[in-house]
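Novice: Give me the fold of what follows.
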Amino acid sequence: MEEIVLESGLKISIEKKNAVVLGHTDPLLKVLTIPSEIEYDNQKITLVEITPKAFSQSALEEVNIPSTMNRIGDFAFSHCENLKQINFLDNEEEYRKRLMHMDMFGWINGLVIGKHAFSGCNSLTEIHIPMYVREIQDGAFYRCSTLEKVVWDELDENELLRTECGSEFQRHPVSIGSEAFAFCTKLNELKLSPLVKSIDSNFIQDTALTKIDLPERIEQIDECAFAFSNIESIVFPVDFYVIKYGTCLSCKKLKNIVLPPGLGYIRESAFKNCTSLEEIFIPKSVKEIDSTSFGGCSKLSMVTCSEEFAQNFQKYFPDNVDFDVY
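Specialist: Below is the predicted model of the structure:
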């Protein structure tokens, strides 16, 4: 690897035809614009990564990130207290170009936003996530205390694109890590990409979100995914079979739950301490619930369920609950 400093003051490290961003020579820099490529030693060099902690605790107010990036490193912009704007330079033509060069699994060119990459950026109010992001890792926007709105830019979710090996695949899946937006206490709007396939634990803990629209094709909702959040309503995907441990643990404002028609299992503490829940419909397909699934649901007074379910699991509900059997 060869380290150089560009005329702009940007420090990069070059290996073959790619480069990673290491930082900047100006500690008081306000606006950072990373080019998509440079010319060096008579060849074009593509900038593909920002290294961990590259700009952590810097004076930056605005960041412009090119669509050639494959990874924003862990803590790359963490605790940039003055950072107000993140611009992912993105358009449909560039997106298509990226995907045409992915491998058969769709992994090569998707952007990964690393762990705590923007955590503690307490001047951010709005973020537009580019359509080529494939992973937002643990705590990526953790404790961004002024963040109010997060939306995904997107193309048609059903679009098929041809890869280098000649096969056609639907666009890449997206995953969201643990506590990705946790403690963003002003976050009241979150529009997920329809490509989100998995979300991890506590990803919206202690935000101002009162509802979450889950993509129809989501495949994985991890343990404690919505725990300690302020959501008031949740509709689980139609094909879901298991609601895991603590999925909605201590969601004290949760009033409305729509369970999928083919649901089989409700695990430990799935809805424990949901103190605003008054009634719930249990599909006939449910085979097993844990004794703690609805523990502490002090306002729960009506459970609509099959006669078999009432006979087998009535003991797991508070004494004051009435059962409406169908």
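
Novice: mind giving me the domain ranges of the chain?
Specialist: 2-223, 232-326 (automatic domain parsing).

Novice: Would you single out the least confident of those?
Specialist: In terms of average pLDDT, domain 2-223 trails the rest of the domains of the chain, at a mean of 88.

Novice: How much space separates residue 308 from residue 290?
Specialist: 18 Å (C-beta to C-beta, to the nearest Å). To be clear about C-beta, it is placed using only N, CA and C from the backbone, and glycine gets the same treatment.

Novice: For the two, work out which one has more neighbours and name it.
Specialist: Neighbours were counted for residue 308 and for residue 290 using other C-beta atoms under 10 Å; residue 290 has more, 17 against 12.

Novice: tell me the contacts of that one?
Specialist: By C-beta atoms under 8 Å, 6 or more residues apart in numbering, the residues touching residue 290 are 266, 267, 268, 269, 270, 316.

Novice: right, and out of those, which lies closest to residue 223?
Specialist: Distances from residue 223 to the contacts of residue 290, taken as C-beta to C-beta, are shortest for residue 267 (8.0 Å).

Novice: unless I'm mixing things up, that closest one is touching residue 249, no?
Specialist: No. The pair residue 267 / residue 249 is not scored as a contact, 10.8 Å apart, by C-beta atoms under 8 Å.

Novice: Counting neighbours, go ahead and name the busier of the two.
Specialist: Neighbour count, other C-beta under 10 Å: between residue 267 and residue 249, residue 249 has more, with 24 against 17.

Novice: Leaving out the residues flanking it, which one is nearest to that one?
Specialist: Closest residue to residue 249 apart from its sequence neighbours, by C-beta to C-beta, 6 or more residues apart in numbering: residue 227 at 4.0 Å.

Novice: Is it correct that the one you found falls within a strand?
Specialist: No. Counting by DSSP: H, G, I helix; E, B strand; the rest coil, residue 227 falls outside a strand, being coil.

Novice: Correct me if wrong: it contacts residue 252.
Specialist: No. The pair residue 227 / residue 252 is not scored as a contact, 10.9 Å apart, by C-beta under 8 Å.

Novice: So between the two, which is more surrounded?
Specialist: residue 227 (22 against 13).

Novice: Could you tell me which residues make contact with that one?
Specialist: By C-beta under 8 Å, 6+ apart, the contact set of residue 227 is 201, 202, 205, 246, 247, 248, 249, 250, 251.

Novice: of the residues you listed, closest to residue 123?
Specialist: Nearest member of those to residue 123, counting by C-beta to C-beta, is residue 205, at 21.5 Å.

Novice: how about the residue positioned nearest the centre of the chain, phi and psi?
Specialist: Taking C-alpha atoms, centre = their mean as the criterion, residue 176 is the residue nearest the geometric centre of the chain, at 3.1 Å. When read as degrees, to the nearest 10, the backbone of residue 176 gives phi -120, psi 130.

Novice: Same question for residue 315.
Specialist: phi -70, psi -10.

Novice: quick one: buried residues of stretch 211-228?
Specialist: The neighbour-count check on stretch 211-228 (16 or more other C-beta atoms under 10 Å) flags 212, 214, 215, 218, 221, 222, 223, 224, 225, 226, 227, 228 as buried.

Novice: Show the end-to-end separation of that stretch, please.
Specialist: End-to-end distance for stretch 211-228, by C-alpha to C-alpha, to the nearest Å: 13 Å.

Novice: Same check on stretch 255-262?
Specialist: 22 Å.

Novice: Residues in contact with it: which ones?
Specialist: Contact partners of stretch 255-262, identified using C-beta under 8 Å, 6+ apart, comprise 232-241, 243, 248, 271, 276-278, 280-283, 285-286.

Novice: So how do I select the buried members of these in PyMOL?
Specialist: Buried residues among these (16+ other C-beta under 10 Å), as a PyMOL selection:
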select buried, resi 234+236+240+243+248+271+277+280+282+283+286
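
Novice: which residues does residue 277 contact?
Specialist: 254, 255, 257, 271, 294, 297, 299, 300.

Novice: 6 Å instead?
Specialist: Neighbour list for residue 277: 254, 297, 300 [criterion: C-beta atoms under 6 Å, 6 or more residues apart in numbering].

Novice: ditto for residue 264
Specialist: Here residue 264 is in contact with 241, 287 (C-beta under 6 Å, 6+ apart).

Novice: What distance do you get for it to residue 287?
Specialist: From residue 264 to residue 287 the distance is 5 Å (C-beta to C-beta).

Novice: any chance of the buried residues of stretch 211-228 in JSON lines, plus distance to residue 23?
Specialist: Listed next are the buried residues of stretch 211-228 as JSON lines, based on distance: C-beta to C-beta, whole Å:
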{"residue": "212", "distance to residue 23": "36"}
{"residue": "214", "distance to residue 23": "38"}
{"residue": "215", "distance to residue 23": "36"}
{"residue": "218", "distance to residue 23": "37"}
{"residue": "221", "distance to residue 23": "38"}
{"residue": "222", "distance to residue 23": "34"}
{"residue": "223", "distance to residue 23": "37"}
{"residue": "224", "distance to residue 23": "36"}
{"residue": "225", "distance to residue 23": "35"}
{"residue": "226", "distance to residue 23": "37"}
{"residue": "227", "distance to residue 23": "37"}
{"residue": "228", "distance to residue 23": "36"}
